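*Asks:* Sequence first, predicted model second:
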Amino acid sequence: MMSEKVELLGRYANIPSELTIKALPTSSELDYVGAENFEQTMLEKILPKSIEEKINLNELYEIDFQWLCRCLRFINYGPYHTVNSIFCDKCGPVRQEVRVDLRTVAVKPLPADFSNDIVLKKEELLDYKKDIHLKLLTIKDAMNLKEDRLFFDESGKTKTELARICYMIRSVGQKNEPITPVQAKMIVENELSPADYMIVKELVGKLTDYGLRAGGRCTCPKCHSTTAAFIALVDDRFFRPTVGDLRDGRDDRHQWPAENLPGSETTTV
Ligand SMILES: [Zn+2]
């Protein structure tokens, strides 16, 4: 059974920096992943069988979880995916089926000296007078916040942006006085001015922007430009392959997925 070493984007106290991912005996297992609760299915059923090392998957950063899911997709189904439209720099939007290579989607690794304390300096804010300390979400955080009623709107839908920010806030002012998402929500809603909230949203996006990018490079079927782009939202998850994708993937197995590992040269869209 095929297996690959995958280097994680983050560094952990209790998880090795490199994991061994093996192909599952039958890809029928992976039919689950189209299911409603993708993350839970992956964490509880698929990844424990695919990762050789015994680790607590809940501790993984969300970006590493997404990265592992992508690597598992490569190992089980190859790197090809069929999209319905692409964007060409010469022709504009091209609406037709195009087979794209998911390895062209870049991965932004964490800096080598990354410590999970990202500081949003008070000098960046207009009114608020304290530094805001942030942490990257673990996959468990990302799952929990979706179930957190505190962040539901009237119709019971999660206010995702607010919830993610509040779960990321580790503390304000003092680094060593951690606060809960409930406390963070009170601060965001009662102490941040609307202008500062806008700034916080933008800076949180910038300061925590790591992991898989949301698109890759492809060849335009009309003009054959090789700098066309396709969208591959991380939320699209497993990129269900067509039979053609699988055949192409089988033909160049030997080429992946090492070239897409963190630190290697990849094209950013
Ligand atoms: Zn074109």
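*Replies:* Cool, the structure landed. Numbers count the residues shown, from 1 in each chain.

*Asks:* Name the residues linked to the residue lying closest to Phe239 once chain neighbours are set aside by a beta bridge.
*Replies:* Among residues not flanking Phe239 along the chain, His81 sits closest, at 4.4 Å (Cβ to Cβ, 6 or more residues apart in numbering). The C-beta positions use only the backbone N, C-alpha and C, and glycine is treated the same way. Taking DSSP bridges as the rule, His81 bridges to Val100.

*Asks:* Mind splitting this protein into its structural domains?
*Replies:* Following automatic domain parsing, one gets these domains for the chain: 3-109+211-255, 118-207.

*Asks:* Throw those into a markdown table and include mean pLDDT and mean neighbour count, thanks.
*Replies:* Shown next, in a markdown table, are these (pLDDT from 0 to 100; neighbours: other Cβ atoms under 10 Å):
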| stretch | mean pLDDT | mean neighbour count |
| --- | --- | --- |
| domain 3-109+211-255 | 89 | 17 |
| domain 118-207 | 95 | 16 |
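
*Asks:* Out of those, which gets nearest to the ion?
*Replies:* Closest approach to the ion among these (Cβ to the ion): domain 3-109+211-255, 3.1 Å.

*Asks:* where's that closest one relative to the chain centroid, distance-wise?
*Replies:* 10 Å (Cα atoms, centre = their mean, to the nearest Å).

*Asks:* is the ion contacted by that domain?
*Replies:* Yes: judged by Cβ under 5 Å from the ion, domain 3-109+211-255 and the ion are in contact via 88, 90-91, 220, 222-223, 225.

*Asks:* These in strands, which ones?
*Replies:* Among the residues of domain 3-109+211-255 next to the ion, the residues falling in strands (DSSP state E) are Cys88.

*Asks:* one step back: ok, now which ones touch the residue nearest to Phe239?
*Replies:* By Cβ atoms under 8 Å, 6 or more residues apart in numbering, His81 lies in contact with 99-102, 232, 239, 241, 245.

*Asks:* switch to 7 Å and redo it
*Replies:* Counting by Cβ atoms under 7 Å, 6 or more residues apart in numbering, His81 touches 100, 102, 239, 241, 245.
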